[in-house]
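Enquirer: I would like the atomic coordinates for the input below:
(one chain, ligands or ions: 1)
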Amino acid sequence: MKISKLHVSINEKTLVDVSFNINSSLALVGQSGSGKSLTIKALLNMLPSSMKMSLEYENSFELIAGKSVSFVPQNPFTALSPLTKIKKQFFVSSKRVEELFAQVDLDVELLDRFAPELSGGQLQRVVIAMALSHEPKLMLLDEPTTALDPKTRVVILELLKKLQKELGFKMLFVTHDMNSAKMICEEICVLKDGRVVESGETLHVVENPKQEYTKILIDANFANRDFRI
Ligand SMILES: Nc1ncnc2c1ncn2[C@@H]1O[C@H](COP(=O)(O)OP(=O)(O)OP(=O)(O)O)[C@@H](O)[C@H]1O
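Expert: Down below sits the predicted model:
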C-alpha cells in the first residue's frame with residue numbers, strides 16, 4: 001500500500017509532508033513533535049477541523065474512515081469504558097469474542113469484568129482483540145506499549161508480531177522507541193519535523209544509520225537499558 005503526498009497543514013504552515021509504502025509492517029519513528037500522531041490521525045480522518053490535509057494513495061481500500069482499518073491507541077487505561085463490562089464493549093457475537101480472546105491469549109472469564117479490574121497488559125490485549133474484531137487489512141498503532149512496563153511491553157510487541165504474521169494485516173506502527181520498531185517492523189521511516197529523513201529495511205537502517213538524527217534515536221534506546229529488548 002503506497003501512501004504518497006500525505007500533507008497536513010495549519011494556517012498555511014506545513015506540519016506533515018510524507019510519502020511511504022506499507023509492504024507488510026512499517027514503523028514511523030521520530031522524536032516528540034516529528035509528526036507521528038498527525039500522520040495516524042490524518043489516515044483515520046481525525047484531524048482537528050483547523051487543519052487541512054491532502055492525500056494520494058495507491059492499492060488501498062476504504063482507507064479514510066474505512067472499515068478495513070483498525071486503530072490501537074497509546075493508552076489502554078483510557079481506551080475502554082470503566083463502567084461497562086468488557087463483553088458489552090464488543091459489537092460482534094459472543095462466539096466471535098471468545099475466538100478473539102483466544103487469539104490474544106486472554107482468559108474468557110475476564111469478559112465479565114470491568115476495565116479497572118484488569119492489568120495494563122490485559123487491557124491492551126482487549127483493545128487489540130477489539131481492533132481485530134473488524135478483520136482489518138491495515139492496523140494503525142500509536143505507541144501501543146508506552147503506557148506498559150518494560151516486560152509487558154515486550155510481551156505485547158511479540159503478540160502483535162505473531163498476529164500480524166498469522167492474520168496477514170498490514171501494520172503501521174508509530175513510536176519514538178527504535179527497539180520496539182526493530183522488534184516488530186520489517187521496514188522503517190524516520191520522521192523529523194514532519195518529513196521522512198531516512199527509510200529502508202529496519203535492520204539495515206539501525207545498523208547503518210546515515211543521519212545524525214537517526215543515530216540519536218538509536219542511542220537514546222541504548223541510554224535506557226530498561227527499554228532494551
Ligand atoms: N492542534 C494542533 N495545532 C497546531 N499544531 C499542532 C497541533 N497538533 C500538533 N501540532 C504540531 O504538529 C507537529 C507534529 O505533532 P505530532 O503530535 O504529530 O507529533 P508526534 O511525533 O506524535 O509527537 P509525540 O511523540 O510527542 O506525540 C508538532 O510540531 C505539533 O506541535
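
Enquirer: on the three-state scheme, the residue nearest to the spatial centre of the chain is what?
Expert: When the chain is reduced to its mean C-alpha position, the closest residue under Cα atoms, centre = their mean turns out to be residue 141, at 1.2 Å. Assigned by DSSP: H, G, I helix; E, B strand; the rest coil, the conformation of residue 141 is strand.

Enquirer: return the residues in contact with it.
Expert: Counting by Cβ atoms under 8 Å, 6 or more residues apart in numbering, residue 141 makes contact with 71-72, 160, 171-174. All C-beta spots, glycine's among them, are computed from the backbone N, C-alpha and C.

Enquirer: and it, what's its pLDDT?
Expert: pLDDT recorded at residue 141 is 94.

Enquirer: roughly how far apart are it and the ligand?
Expert: 13 Å (Cβ to the nearest ligand atom, to the nearest Å).

Enquirer: circling back: top of the contacts of residue 141 by neighbour count?
Expert: Counting neighbours by other Cβ atoms under 10 Å, the top entry in those is residue 173, with 29 neighbours.

Enquirer: please tell me I have it right and residue 84 contacts residue 114.
Expert: Yes: with contact taken as Cβ atoms under 8 Å, residue 84 and residue 114 are classed as touching, separated by 7.3 Å.

Enquirer: those two: which is more packed in?
Expert: Set side by side, residue 84 and residue 114 give different neighbour counts by other Cβ under 10 Å, the larger being at residue 114 (15 against 11).

Enquirer: and the more buried one, how far is that from residue 149?
Expert: Using Cβ to Cβ, to the nearest Å, residue 114 is found at 22 Å from residue 149.

Enquirer: which other residues reach the longest helix along the chain?
Expert: What stands out as the longest helix in the chain, according to DSSP state H, is helix 150-167. Residues from elsewhere that reach helix 150-167 (Cβ under 8 Å, 6+ apart): 24-25, 103-105, 119-121, 124-125, 128, 132, 139, 141, 144-145, 148, 169, 171, 173, 180, 183-184, 226-227, 229.

Enquirer: could you rerun that using 7 Å?
Expert: Contacts of helix 150-167 from elsewhere in the structure, counted by Cβ atoms under 7 Å, 6 or more residues apart in numbering, are 25, 103-105, 120-121, 124, 128, 144-145, 148, 171, 180, 183-184, 226-227, 229.

Enquirer: out of the residues you listed, which end up buried?
Expert: When burial is judged by neighbour count using 16 or more other Cβ atoms under 10 Å, the buried members of those are 25, 103-104, 120-121, 124, 128, 144-145, 148, 171, 180, 183-184, 227.

Enquirer: nearest to residue 42, of those residues?
Expert: Minimum separation from residue 42 among the buried ones among the contacts of helix 150-167 (Cβ to Cβ) is found for residue 171, which lies at 17.2 Å.
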